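Asks: sequence first, predicted coordinates after that:
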Amino acid sequence: MEAHACYIIGYECYKPSDDRKLHTDLAANMIMRNENLSLKEFQFLLRIMVNSGIGDETYVPKSFIMGREQSPTLSDGISEMEDFFYHTVDNLFSKTRISPSDIDVLVVNVSTFSPTPSLTTRIVNRYKMKEDIKTFNLSGMGCSASLISTNLVENIMKSTKNVLALILTTESIVPNWYTGNDKSMMLPNLLFRSGGCAILLTNRPNLKHKATFRVKYLVRTHLGANDDEYQCIIQKEDDDEYQGVSLSRTLPKVASRAISVNLRELAPKILPIRELLRYLLVTCLQRKATMNFKTGINHFVLHTGGKAVIEGVGKGLGLNEYDLEPSRSTLHRFGNTSAGSIWYVLAYMEAKKRLKQGDAILMISLGAGFKCNSCVLEVVRDLSDENVWKDCITSYPTETETADNLFKEKYGWMLNHADPSTFIKPVC
């Protein structure tokens with residue numbers, strides 16, 4: 001194993017139980033329970049759902065299923081985290097035959113839930129990890145947090161030999177259900193779903209034979225010094241003091257700029273000289289030029305922030321339907337699982353047997369701040385684990401409009417209802 005090399009020896013995406021699936025009627029029922037919404041808000045939300053690209057089998061916390069999304073308790077938040085932690089970590093340790101007592105570094109990233117004792121401490125206590133373990137509890141990093149955690153581990157491995165690290169990346173939905181009627185703050189209710197991933201990384205030479213990927217390059221971009229970028233995704237209270245997360249209309253523009261800045265730094269590390277020279281020549285001729293990342297990358301893992309995010313990033317990179325299929329399929333099957341979403345996309349590629357030894361994978365994540373992080377993984381050996389996609393991989397790719405049409409068939413009449421005074425909420 002090369003000095004300072006960082007290898008991934010296994011990852012496990014979280015798949016909640018079937019009784020937590022958010023089918024069409026349950027989703028509609030949750031929306032209808034908000035007493036602050038009128039016909040125009042219902043029409044707005046229906047238009048978003050019909051065009052979201054999210055399917056009918058995503059997952060939500062147990063408290064949502066039980067009708068408590070508007071009045072969460074601390075126990076609900078802790079239960080949500082523990083359901084994810086213990087399921088994925090148990091499976092990952094079993095699959096890789098790694099003992100919890102061997103873990104040297106533990107990193108947990110959850111943006112909007114930070115109880116005491118910390119989430120990392122709960123993991124240490126559960127698995128009785130060793131006393132000199134180094135723990136890091138990251139919060140507020142948004143959907144880009146997974147690669148921030150990876151970068152943290154990578155940097156530790158540059159200065160420390162024989163490290164075995166565990167990353168747990170997820171988001172807490174329980175405390176963040178918005179009950180107001182500000183359109184910019186209603187969007188997260190529709191987009192975010194339960195999910196997450198546990199990842200094992202190492203630079204131990206005796207574990208190289210277990211490796212599946214090597215972390216080759218990782219670039220982080222932070223545009224928080226600019227007010228527009230800083231405010232485009234922000235947790236706040238609306239005018240009626242209802243707390244939630246606001247997504248600005250400037251988000252697509254901000255995301256595009258962040259990606260552009262990030263990839264300009266990454267490109268010289270991964271693209272062949274001929275492509276860089278071509279780009280430079282065209283630019284010098286004062287023509288609009290884009291770099292062809294396919295000259296250095298085989299697979300593209302895009303954050304499933306939403307249908308528009310996937311389409312926008314894909315267009316900017318010149319990707320085709322085959323390239324976008326993993327991200328679109330992940331959005332449809334699991335929704336936006338925040339920082340963990342990129343690992344579901346990677347798992348899709350593996351389940352489809354796309355990943356061959358020597359392939360280069362570009363992962364791109366976006367998050368509040370505003371941040372764009374990119375990572376290039378090298379596939380160490382041919383991979384074909386069906387993983388979290390095992391029960392449904394043969395159904396994909398699918399027509400992503402299927403679930404959208406279920407909403408339209410059942411509730412599309414609302415779009416044509418013009419008189420708020422005669423509107424009656426449907427019983428779901």
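Replies: Nice, I can see it. Numbering: from 1, shown residues only.

Asks: so for stretch 145-157, what gets flagged as buried?
Replies: Ala145, Ser146, Leu147, Ile148, Ser149, Thr150, Asn151, Leu152, Val153, Glu154, Ile156, Met157 (16 or more other CB atoms under 10 Å). Every C-beta, even on glycine, is put in place using the N, C-alpha and C of the backbone.

Asks: what of stretch 209-229?
Replies: 210-215, 217-223, 229.

Asks: now stretch 257-267
Replies: Neighbour-count burial for stretch 257-267 [16+ other CB under 10 Å]: Arg257, Ala258, Ile259, Asn262, Leu263, Leu266, Ala267.

Asks: same question, stretch 381-397
Replies: Neighbour-count burial for stretch 381-397 [16+ other CB under 10 Å]: Leu383, Asp385, Asn387, Val388, Trp389, Ile393, Tyr396.

Asks: can you tell me the average pLDDT over that stretch?
Replies: Mean pLDDT, stretch 381-397: 93.

Asks: would you mind measuring the gap between the ends of that stretch?
Replies: 25 Å (CA to CA, to the nearest Å).

Asks: mind giving me the domain split of the protein?
Replies: 7-213, 217-381 (automatic domain parsing).

Asks: select, out of those domains, the one closest to Lys425.
Replies: Nearest of the domains of the chain to Lys425, taken as CB to CB: domain 7-213 at 5.3 Å.

Asks: closest one of the buried residues of stretch 381-397 to Leu45?
Replies: Nearest to Leu45 among the buried residues of stretch 381-397, with distances taken as CB to CB, is Tyr396, at 26.3 Å.

Asks: which residue is the nearest non-sequential neighbour of Tyr266?
Replies: For residue 266 the amino acid is Leu, not Tyr. Val219 (4.6 Å; CB to CB, 6 or more residues apart in numbering).

Asks: could you measure from the one you found over to Ile364?
Replies: To Ile364, Val219 is 10 Å away according to CB to CB, to the nearest Å.

Asks: what do you get for Lys425?
Replies: From Lys425 to Ile364 the distance is 40 Å (CB to CB).

Asks: of the two, which one has the most company?
Replies: Ile364 (25 against 14; other CB atoms under 10 Å).

Asks: quick one: contacts of stretch 350-361?
Replies: Residues outside stretch 350-361 that contact it (CB atoms under 8 Å, 6 or more residues apart in numbering) are 213, 216, 270, 296-301, 326, 346, 349, 376-387, 389-390, 393.

Asks: mind redoing it with 7 Å?
Replies: 270, 296-299, 301, 349, 376-387, 389, 393 (CB atoms under 7 Å, 6 or more residues apart in numbering).
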